[in-house]
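Engineer: Got a predicted structure here, sequence first:
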There are 2 protein chains.
Amino acid sequence: MNPKRILLPQSDIPTAWYNLQADLPEPLPPVIHPGTGQPIGPDDLRPIFADELIMQEVSQERWVEIPEEVRDVYAIWRPSPLVRATGLERELKTPARIYFKDESHSPPGSHKPNTAVAQAYYNKKQGVKRLTTETGAGQWGSSLSFACSLFDLECKVYMVKCSYQQKPYRRSMMQLWGGQVSPSPSDETEAGRQILAADPDCPGSLGIAISEAVEAAVKDEDAKYTLGSVLNHVMLHQSIIGLEAEKQMEIAGDSPDVVIGCVGGGSNYAGLAFPFLRHKIAGKEIRFVAAEPRACPTMSRGEYRYDFGDTTKLTPLMKMFTLGHSFVPPGIHAGGLRYHGMAPSVSAAVKAGLIESVALHQVECFDAARMFAATEGIIPAPETSHAIRAAIDEAVKCRETGEEKCILFNFSGHGLCDLGSYDKYLAGELDDFEYPQEKIQEAIAELPEMG
Amino acid sequence: MNPKRILLPQSDIPTAWYNLQADLPEPLPPVIHPGTGQPIGPDDLRPIFADELIMQEVSQERWVEIPEEVRDVYAIWRPSPLVRATGLERELKTPARIYFKDESHSPPGSHKPNTAVAQAYYNKKQGVKRLTTETGAGQWGSSLSFACSLFDLECKVYMVKCSYQQKPYRRSMMQLWGGQVSPSPSDETEAGRQILAADPDCPGSLGIAISEAVEAAVKDEDAKYTLGSVLNHVMLHQSIIGLEAEKQMEIAGDSPDVVIGCVGGGSNYAGLAFPFLRHKIAGKEIRFVAAEPRACPTMSRGEYRYDFGDTTKLTPLMKMFTLGHSFVPPGIHAGGLRYHGMAPSVSAAVKAGLIESVALHQVECFDAARMFAATEGIIPAPETSHAIRAAIDEAVKCRETGEEKCILFNFSGHGLCDLGSYDKYLAGELDDFEYPQEKIQEAIAELPEMG
């Protein structure tokens, strides 16, 4: 009998990250400075990001060495298990073989620490004392707090005020790891004070929180800003997921026909998919399926063009699939998938036809999560349930066609801090959302005309 | 460099549990029928427990085979990692080597599924359709729901009403795994109805919930009752923790001088300690330290004598360390350690001088948990924090004496569903409790005079 979980020893933690930029059919379009309209350079980014991360952002090297200090911290939970979903296969009566890469065993419970640890390390090495960031539901903020506590850095998190009030568990987690958490908008920054002056009861948004975190970093010479998704260096760090999975699939004597993940900013999916994508670029037949919420259908209904990363137009312009920076997705429970844009590297791969997308309703995803919990035992994060739904749909197709496909998906995180959402699901209180096309067109019509 | 985590392959999941009863210097005193005053026999237990579990309860065999079907489910998260607490060692500047066995990776997040899965399996095999149980904070109820969902059994949990209201996350978890959860006292049982008639606002207690769960099992011929701690068969199933740890310590080229765990009913500590305890019985020098709350000091201030397992005097009488069945511990956050008694096997080992006990205040335990989270990354359950505190205290002693001891403790579960307690701790709102000796004497004075 094959083992349920394929484990690797610590010595098999990869020694280098994989950079898809080296293998993309075309180079990524340049990032544009919002003031000058010209491609942005390292000097523009230096007040915000650590130097090493700026270099990684534009690196064309295929392999980037993982520092020993980062691998030492990875060893707390990595290599993560590759699991054969035998219980789910039985339940579905499918001839497909389903595997998932289980990223839920990191202390904060998701894939986010893969990059948080690396970003904390490079900043520490450069003498930075303090990192700032924003967080919505709290997965990223808690991962950065975790990483900062291990590298003895201060951590300042601006948490969207309504989440701060609704998700006390994630806030407590950050504080236990020593993070300082402020509900955003706060009175600590110019941006926050302006917004509070206009609307003292403003519930906050990710766009506002980004403005506060960037301002806090720029105004403090001991501080830098960090971002948990979208950027190239984040995708780079996450590639460790797919590199481990590649080795584990080999040990299983198997090879994926379909590689699936959920996508918000794109980092967990890129992490699993990119190392396999290089084999597709080299000619191997593999399908790549990125699952997004129908309530925030960036790839399936957005456009591929230049847009800002944030709502308030402070960031550089990136070419990506976008619903428009003013698009406000409805309050679905997969908070981590509520982003108007998509990582430029994932977007380019979609545009090049290397990755296909599928858009899913939240209730069908919770159905999938319940089936998964009953058959595999593990409770998925609402975000992760999108990957599971897509994997189940593929496996059901195999049952109908008799194809013995190998399906691999990323189990990006557990749902133990999201049980309130399951409560609403079990009580039948969840709604599905579908955006009218005019609304999407309106937001896209606001975008600048370029490239 | 030694690896951070020592992992075993699935093929190293033990094939037999270890039964301390075979090696105890004296046999355990008999369990007494509350009606007849005579030793209880298998027939008395048959309406309540599955036959195989009754046999295991009294078995004197040293090794009990683990069924293949149970090992298959264990493979979802077992073997669990043995982790070298290098971050904690550095922080403490101790010459001691600290290891912990990490039981937090089971889907419900603790060691409890080790026995829940076994109990569900034996009941399923016997044709039982439905399991009943009680739960306080919800760790045991969620573990049994998890196990039942995998073996396709119905699961009925009576959850102490105040916990049902205060801990909605654990309730949701049970329901997601298909468990039916009722706040206890409920109107579904005679016991519950009687109590509600007298006090409609009764907040419930573990004693009442046990009465309801036992009644529900006895009155339904398709149902059996299950218990998550205290009993010999529970300790037997938990021995898998120590058996794996033994092999992992060998791989690490090390051997524990001190074996530490937190104790409520005793099962997580027995699970780690008993396999090592047999070597002490055979002459090897190892210290065993069981950490209990000072607010519920069963071993340090209770007496070793016959008492009931529950508050309402429905269960058989067991010889154990007890504070008296009417003792109501204060509402400390380590809910799993709030038990008036102690597993008879653990009690006997304490009485024989094989295990020593230490009693700890909750605030010093939360301090230890915070240090652990900052240095090892993982957030402990409030129960587990008692083991960590005791381990840190041993390591600090080593710093003072210069002794290079090897300390092993059981990390029984994570605290991701207990972050509300950390919130109160961080806000400085936690109190320590010390019971006046008269109060304890009063409860003990109520005990029947026997043996």
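Structural biologist: Happy to help now that I have it.
Engineer: for the stretch 51-200 of chain A, what spans make up the strands?
Structural biologist: A:63-65, A:82-84, A:97-102, A:130-135, A:154-160, A:180-184 (DSSP state E, counting those that start in this stretch).
Engineer: would you list these in TSV and tack on mean pLDDT, mean neighbour count and distance to chain B?
Structural biologist: Heads up, the C-betas are built off the backbone N, CA and C, glycines and all. Formatted as TSV, the strands of the stretch 51-200 of chain A follow (pLDDT from 0 to 100; neighbours: other C-beta atoms under 10 Å in any protein chain shown; distance: least, C-beta to the nearest C-beta, whole Å):
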stretch	mean pLDDT	mean neighbour count	distance to chain B
strand A:63-65	98	15	18
strand A:82-84	98	22	8
strand A:97-102	98	24	10
strand A:130-135	96	27	15
strand A:154-160	96	26	12
strand A:180-184	96	21	11
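Engineer: Columns distance to A:Ile241 on top of these, output as a markdown table?
Structural biologist: As requested, these are exported to a markdown table (distance: least, C-beta to C-beta, whole Å):
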| stretch | distance to A:Ile241 |
| --- | --- |
| strand A:63-65 | 15 |
| strand A:82-84 | 10 |
| strand A:97-102 | 6 |
| strand A:130-135 | 21 |
| strand A:154-160 | 24 |
| strand A:180-184 | 27 |
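Engineer: what's the closest of those strands to A:Val363?
Structural biologist: Among the strands of the stretch 51-200 of chain A, the nearest to A:Val363 by C-beta to C-beta is strand A:97-102 (21.6 Å).
Engineer: Give the other helices and strands that the closest one contacts.
Structural biologist: strand A:82-84, helix A:86-92, helix A:240-251, helix A:384-401, strand A:406-411 (3 or more C-beta pairs under 8 Å, 6 or more residues apart in numbering or on different chains; DSSP states H and E).
Engineer: Close to chain B: what parts of the stretch 51-200 of chain A are there?
Structural biologist: Along the stretch 51-200 of chain A, the residues adjacent to chain B under the rule C-beta under 8 Å from any C-beta of the partner chain are A:72-73, A:75-77, A:87, A:105, A:107, A:109, A:146, A:149-150, A:168-169, A:172-173, A:175-178.
Engineer: do that again at 10 Å, thanks
Structural biologist: Within the stretch 51-200 of chain A, the positions near chain B by C-beta under 10 Å from any C-beta of the partner chain are A:68, A:72-79, A:81, A:83-84, A:86-87, A:102, A:104-109, A:113, A:117, A:142, A:146-150, A:152, A:168-173, A:175-178.
Engineer: Show only the entries of those residues found in helices.
Structural biologist: Among those, the members found in helices (DSSP state H) are A:68, A:72-74, A:86-87, A:113, A:117, A:142, A:146-150, A:168-173, A:175-176.
Engineer: Show me just the buried residues among those residues.
Structural biologist: Buried members of these, counted by 16 or more other C-beta atoms under 10 Å in any protein chain shown: A:72-74, A:86-87, A:113, A:117, A:142, A:146-150, A:169-173, A:175-176.
Engineer: pretty sure A:Ile195 contacts A:Cys202?
Structural biologist: Yes: assessed by C-beta atoms under 10 Å, A:Ile195 is found in contact with A:Cys202 at 5.4 Å.
Engineer: What is the burial count for A:Glu91?
Structural biologist: A:Glu91: 16 surrounding residues under other C-beta atoms under 10 Å in any protein chain shown.
Engineer: Could you report the pLDDT at it?
Structural biologist: With respect to pLDDT, A:Glu91 scores 97.
Engineer: show me the residues around it that make contact.
Structural biologist: Shown in contact with A:Glu91 (C-beta atoms under 10 Å, 6 or more residues apart in numbering or on different chains): A:Ala85, A:Met371, A:Phe372, A:Ala374, A:Thr375, A:Glu376, A:Ile392, A:Ala395.
Engineer: Repeat the analysis, applying 8 Å as the threshold.
Structural biologist: Residues near A:Glu91 by C-beta atoms under 8 Å, 6 or more residues apart in numbering or on different chains: A:Met371, A:Ala374, A:Thr375.
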